[in-house]
Structures are given as C-alpha cells and as structure tokens.
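> return atomic coordinates for the entry below.
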Amino acid sequence: MKKRNEGKRYAKKYKEVFVGHTTTQIFKSVKPIHFSNIWMLDTGAGWSGKLTIMDVDTKEYWQSDYCDELYHESRGRADYRG
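Numbering: from 1, shown residues only. Alright, predicted model coming up:
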C-alpha cells in the first residue's frame, strides 16, 4: 500500500531543500530527517542536541557529541532568555 504523501515533492521548484532552524528534536530525533525532497538538518545544538554537518552531494553527515555534555555549564539558549 502506498503512503499518502509518498513520492510527493513539497518544494516542487527544487530537487532538494535543506532546512535548518526547526530542530528535529520535535520529532524525538537528533539525526537529520529526510521526507520527500526536504532535509531537516537542525538537530538541536542551540539547546541540548548535536551539531550536524552534511555533505549535500553524498548525504553523509557528521555530528558532535550532545552539546549539554560538551558544555556542562551552559543551558543552551535558555541562558540567553531575558
């Protein structure tokens, strides 16, 4: 059975779209998420997640350790709220 949105391209003008700013943590993941022709690459480094970089040609990616483990004294963006 075919999934409802399988094969559908959301940004039809582009072969692929790479998105940041909206963390994959809202989907309980700290890995890049690929759906249709959209790649979500923000894995939450500004909060407590990981910093991710991706080779957009091969789709190979590398990640840091969890940021809250690297910077114990910081609470991520929570430190910068007014």
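
> ok so Asp68 is a strand residue?
No. Assessed by DSSP: H, G, I helix; E, B strand; the rest coil, Asp68 does not belong to a strand; its assignment is helix.

> mind checking pLDDT for it?
At Asp68, the pLDDT value in this model is 82.

> tally of neighbours for it?
16 (other CB atoms under 10 Å). Glycine gets a C-beta too; all of them are placed from N, C-alpha and C.

> next one: it from Asp57, what distance?
31 Å (CB to CB, to the nearest Å).

> for the protein, give me the ranges with low pLDDT.
1-10, 75-82 (pLDDT under 70).

> mind listing the strands for it?
Counting by DSSP state E, the chain has these strands, from start to end: 17-19, 33-35, 38-40, 52-54, 61-63.

> including distance to Glu73 and mean neighbour count, could these go into CSV?
CSV is the format used below for those (distance: least, CB to CB, whole Å; neighbours: other CB atoms under 10 Å):
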stretch, distance to Glu73, mean neighbour count
strand 17-19, 30, 13
strand 33-35, 30, 13
strand 38-40, 29, 18
strand 52-54, 23, 15
strand 61-63, 21, 14
